[in-house]
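S.K.: any chance you can model this:
(one chain, ligands or ions: 1)
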Amino acid sequence: STHTTQTPELEVITKLKAEPPKLHKVLLLNDDYTPREFVVRVLKAVFRIGGETAYTIMMTAHQKGSCVVSVYPAQIAETKANEANAMSQDAGHPLQFTTEPEE
Ligand code: TYC
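M.R.: As a prediction, this is how the structure comes out:
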């Protein structure tokens, strides 16, 4: 929020409170090659998602092309997507995670 100081010659707008952190979605993208069980393993390991939810997110991406995994402050979202992409690359899979600003 803002506050207007009570000076006669100059109105100064002072910021009182920090802005909330910018949030980004992490998206899981479908591909034709990554095994379903590997997708579930990455979701559980990196995003600490339970098995049933991980399976549902994986199947949603499989059927629709992509699925929102979670929403985090921007820097955390980037780090999580990078960790998940590194796991996929290390295992030789084309699986990809991306981030985008939340509405
Ligand atoms: N489509 C993959 C298959 O049939 C499985 C898969 C699901 C891959 C979701 C990526 O985000 C994904 N083996």
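S.K.: going by C-alpha atoms from here, please, whenever you check contacts or count neighbours.
M.R.: Will do.
S.K.: just want the residue of this structure that's nearest the ligand.
M.R.: As assessed by CA to the nearest ligand atom, the ligand sits closest to Asn30 within the chain, at 3.6 Å.
S.K.: for this structure, which helix is longest?
M.R.: helix 74-90 (DSSP state H).
S.K.: buried ones in the strand or helix carrying Val69, by neighbour count?
M.R.: Using DSSP states H and E, Val69 falls within strand 66-73. Neighbour counts over strand 66-73 (16 or more other CA atoms under 10 Å) mark 66-69, 71-72 as buried.
S.K.: which of the residues you listed lies closest to Lys44?
M.R.: Lowest distance from Lys44 to these (CA to CA) belongs to Val69, with 10.9 Å.
S.K.: separation between that closest one and Arg48?
M.R.: Applying CA to CA, to the nearest Å, one obtains 11 Å for the distance of Val69 from Arg48.
S.K.: also Ala81?
M.R.: Using CA to CA, we find Ala81 at a distance of 13 Å from Arg48.
S.K.: circling back to that earlier point, so the residue of the chain closest to the ligand is in contact with Gly65, correct?
M.R.: Yes: the criterion here is CA atoms under 8 Å, and Asn30 meets it with Gly65 at 5.0 Å.
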